[in-house]
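Peer 1: Here is my input, please return the structure:
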Amino acid sequence: MPLAPYAAHPLASRGRRHPLGSREEGGPRDAFQRDRDRIVHAVAFRRLRHKTQVFVAPDEDHLRVRLTHSLEVAQIGRTIARALGLNEDLTEALCLAHDLGHPPFGHAGEAALKAATMAAGGFDHNAHTVRILTHLECSYPHHRGLNLTWETLEGLAKHNGPVRHPTWALAAADADWPLDLATQPSLEAQVAALSDDIAYDNHDIDDGLRAGLIGLDELLDVPLVAENWAAVTARWPDCDRARLLPELVREGIGRMVKDLIAESRRRIAAAAPADVDAVRAAGGPLIAFSDAMAACERALKRTLYARLYHHPRQLEVATTARSVVAGLTERYLGDPALLPESWRDGPAADEPWRTRLVSDFIAGMTDRYALARYRELVGPVTLPAAL
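Peer 2: Numbers count the residues shown, from 1 in each chain. All right, here's what the predicted structure looks like:
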């Protein structure tokens, strides 16, 4: 399918921070395909398989982790991008990389790391994603980072919208290579952001039901879920209720995707952007749910927060997770010699860089590695059973 004029075109890319050598420039892949592949081969991407999505260090093999979530976001994102004539490869790269910056234990770990490093500028997982890809990953001999295209880094920096007040990590990346933070993101980045919402809204229903922390009857209080369930049961009236739960999730994803595509087509037609720069100059996002679906989606989120994310058993686990991250931060800041030798190199003796170095190290930990280091350096810890 040909790309729409307002899509990101690889041949019109603003390029890479470090020009590729002649050995790297050949082959069948375009610039955004290369970015996607570099992300998939990154160490930080592999670590996502042991990082929290909703449930900390889940023993249940069927529950999602950051890696499986990122793959599901990419699948949804490609579908939407294809329907709208956008660049699928850039969309996929953004979807796959959007959660690389998450520390161990998800949002609980992030809250603890942010609080522990506030004097040095704090921590933000979106900014840390860009820091990983521009500084912390070291896969090439002549430069730090993965040397991704400007469009990929821009999309990751502001896929949730323009950034008016960047945190220190994002400000540093922007100072090195300006990312037009105050403008709207590309349509591919906007698709990635809402594909993330579609994925976790519906897959967290699946995981919450599987874990037994939320019941179907509770979910049916949400109008959107009730409508989806009515459609599913009408389609298969004689099917066992348990067998229809996966179909409920599929119905939810399908309805959101169809609504998003229809509303986005309407907005794009009204704005008539001539190219991707016109998209960046637009007064607001062009990829969106309809007002009705947006209201339904917000209602679903409120229920998931109240009954799943803030379930007492989940909150108990989150409390322990925060104490692990806080304890590790305090221990490494008190004695940086405890860091692995490869992390002790470089000018990091002075603040705020010493704290930021420790933050970088802890943010890269998986759930299980963080627990192991805590037991080694601080003391015993047992996660409460969330399941």
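
Peer 1: Only C-alpha atoms from now on, for both contacts and neighbour counts.
Peer 2: Fine.

Peer 1: ends of stretch 93-108, how far apart?
Peer 2: Taking C-alpha to C-alpha, to the nearest Å, stretch 93-108 runs 26 Å from one end to the other.

Peer 1: now that stretch, how far from the centre of its chain.
Peer 2: Stretch 93-108 sits 4 Å away from the centroid of its parent chain (C-alpha atoms, centre = their mean, to the nearest Å).

Peer 1: now do stretch 19-35
Peer 2: Distance, stretch centre to chain centre, for stretch 19-35: 25 Å (C-alpha atoms, centre = their mean).

Peer 1: What separation do you get for Met293 and Ser70?
Peer 2: Computed as C-alpha to C-alpha, the Met293 to Ser70 distance reads 23 Å.

Peer 1: for Ala119, same thing?
Peer 2: Ala119 is 32 Å from Ser70, by C-alpha to C-alpha.

Peer 1: Looking at those two, which one has more neighbours?
Peer 2: Using other C-alpha atoms under 10 Å, the more surrounded residue of Ala119 and Ser70 is Ser70, with 27 against 11.

Peer 1: now that one, nearest residue through space, not along the chain?
Peer 2: Distance criterion C-alpha to C-alpha, 6 or more residues apart in numbering; nearest residue to Ser70, sequence neighbours excluded, is Leu96 at 5.1 Å.

Peer 1: Next: Gly208.
Peer 2: Nearest non-adjacent residue to Gly208, counting by C-alpha to C-alpha, 6+ apart: Ile214, 5.5 Å away.

Peer 1: what about the one you found, helix or strand, and which?
Peer 2: For Ile214, there is no helix or strand it lies in under DSSP states H and E.

Peer 1: just the one 4 residues further on next, same as before
Peer 2: Applying DSSP H and E as the criterion places Glu218 in helix 216-219.

Peer 1: neighbouring contacts of that helix?
Peer 2: Applying C-alpha atoms under 8 Å, 6 or more residues apart in numbering, the external contacts of helix 216-219 come out as 209, 225-226, 303.

Peer 1: Just name the closest of the residues you listed to Thr129, please.
Peer 2: Closest approach to Thr129 among the contacts of helix 216-219 (C-alpha to C-alpha): Thr303, at 28.5 Å.

Peer 1: tell me the contacts of that closest one?
Peer 2: Thr303 neighbours (C-alpha under 8 Å, 6+ apart): 219, 222.

Peer 1: any idea how far it is from Asp174?
Peer 2: The spacing between Thr303 and Asp174, counted by C-alpha to C-alpha, is 37 Å.

Peer 1: got it, and Leu113?
Peer 2: Separation of Leu113 from Asp174 (C-alpha to C-alpha) stands at 23 Å.

Peer 1: the more surrounded of the two?
Peer 2: More crowded of Leu113 and Asp174, by other C-alpha under 10 Å: Leu113, with 28 against 18.

Peer 1: same for the one helix or strand the more buried one maps to, what does it pack against?
Peer 2: Per DSSP H and E, Leu113 falls inside helix 106-116. Counting contacts by 3 or more C-alpha pairs under 8 Å, 6 or more residues apart in numbering; DSSP states H and E, helix 106-116 is packed against helix 312-334.

Peer 1: Give the buried residues for stretch 278-288.
Peer 2: The neighbour-count check on stretch 278-288 (16 or more other C-alpha atoms under 10 Å) flags 279-280, 285-288 as buried.

Peer 1: now stretch 12-20
Peer 2: 15-17.

Peer 1: Then stretch 75-94?
Peer 2: By neighbour count on 16+ other C-alpha under 10 Å, the buried set for stretch 75-94 is 75-81, 84, 86-94.

Peer 1: Need the mean per-residue confidence for it.
Peer 2: The average pLDDT for stretch 75-94 rounds to 98.

Peer 1: Got the confidence number for the residue nearest the centre of the chain?
Peer 2: Central residue of the chain (C-alpha atoms, centre = their mean): Asp99, 2.8 Å from the mean position. On pLDDT, Asp99 comes in at 97.

Peer 1: cool, and Ala271?
Peer 2: 98.

Peer 1: So which of the buried residues of stretch 278-288 belong to helices?
Peer 2: Among those, the ones falling in helices (DSSP state H) are 279-280.

Peer 1: Pull the most distant pair out of the buried residues of stretch 278-288.
Peer 2: Across the buried residues of stretch 278-288 (C-alpha to C-alpha), the longest gap, 15.3 Å, separates Arg280 and Ala288.

Peer 1: residue contacts, Val381?
Peer 2: By C-alpha under 8 Å, 6+ apart, the contact list for Val381 reads 371, 374-375.

Peer 1: what about 7 Å?
Peer 2: Val381 sits next to Arg375 when contact means C-alpha atoms under 7 Å, 6 or more residues apart in numbering.

Peer 1: Which strand or helix spans it?
Peer 2: Using DSSP H and E, Val381 falls within no helix or strand.

Peer 1: Numbering from 3 from now on, please.
Peer 2: Sounds good: first residue 3 from here, last item Val383.

Peer 1: Packing partners of the helix or strand where Leu211 lies?
Peer 2: According to DSSP H and E, Leu211 maps onto helix 189-213. Other elements packing on helix 189-213 under the criterion 3 or more C-alpha pairs under 7 Å, 6 or more residues apart in numbering; DSSP states H and E are helix 68-86, helix 90-99, helix 247-273.

Peer 1: follow-up on the earlier one: so the residue nearest to Ser72 makes contact with Leu73?
Peer 2: Yes: between Leu98 and Leu73 there is a contact at 6.3 Å, judged by C-alpha atoms under 7 Å.

Peer 1: Neighbour count: these two, which is higher?
Peer 2: Neighbours were counted for Leu98 and for Leu73 using other C-alpha under 10 Å; Leu98 has more, 26 against 16.
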